[in-house]
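*Asks:* got a structure for you, letters missing:
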């Protein structure tokens, strides 16, 4: 009986130690950031010039942008256009993050200037940004934000 108690204590001690090590390694290896996974950002993609906005007619928006250096255009496969659209009647939250939705994927056909058009609805606050990406799907830096009320 004494032999069985000794074996039980050794096994129980080993299991407890194993559990403590596993639990500790789980907490020590996490990154500590909460949120959905984000694709890697790459800063070697060329910088875009500022986005210009133009209201073509009463309800049509034209965004135009270009790249700073023509030789680097080959590194870009395209651009994602993101938009935030919020009703003016909704109260503005100063500390809330701006929620963008991808509204377009503009392919790069080795041109220097790029355009995006969209019909607008009245009574909204719009914010746009554009992000370049390469053939591997890595994203470059976001452009400036274009903000206006229609």
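*Replies:* Perfect, I can see it now. Here the structure is a predicted model, which is why all the values come from computation and not from measurement. Numbers count the residues shown, from 1 in each chain.
*Asks:* could you chop this protein up by domain?
*Replies:* Using automatic domain parsing, the domain parsing of the chain gives 1-31, 52-149.
*Asks:* now do the first one, average pLDDT.
*Replies:* Across domain 1-31, the average pLDDT comes to 66.
*Asks:* try the longest one
*Replies:* Averaging the model's pLDDT scores along domain 52-149 yields 83.
*Asks:* deepest-packed of the domains of the chain, please.
*Replies:* Among the domains of the chain, the stretch with the highest mean neighbour count (mean count of other CB atoms under 10 Å) is domain 52-149, at a mean of 14. No exception for glycine: its C-beta is placed from N, CA and C like everyone else's.
*Asks:* what about the strands in the protein?
*Replies:* Per DSSP state E, the chain carries strands over the ranges 52-57, 60-66, 78-87, 101-107, 113-119, 124-133, 146-149.
*Asks:* kindly present the ones you listed as JSON lines, with separate columns for distance to residue 20.
*Replies:* Shown next, in JSON lines, are the strands of the chain (distance: least, CB to CB, whole Å):
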{"stretch": "strand 52-57", "distance to residue 20": "59"}
{"stretch": "strand 60-66", "distance to residue 20": "55"}
{"stretch": "strand 78-87", "distance to residue 20": "46"}
{"stretch": "strand 101-107", "distance to residue 20": "45"}
{"stretch": "strand 113-119", "distance to residue 20": "56"}
{"stretch": "strand 124-133", "distance to residue 20": "45"}
{"stretch": "strand 146-149", "distance to residue 20": "53"}
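*Asks:* how about the ones you listed, which one is nearest residue 93?
*Replies:* Between residue 93 and the strands of the chain, the shortest separation by CB to CB is 9.5 Å, and it involves strand 78-87.
*Asks:* what lies in contact with that closest one?
*Replies:* Strand 78-87 has contacts (CB atoms under 8 Å, 6 or more residues apart in numbering) with 63, 65, 98-108, 114, 116, 118, 121, 123-133, 139.
*Asks:* please report the distance of residue 16 from residue 23.
*Replies:* Note on residue 16: its distance to residue 23, by CB to CB, to the nearest Å, is 11 Å.
*Asks:* repeat for residue 123
*Replies:* Counting by CB to CB - residue 123 and residue 23 are separated by 53 Å.
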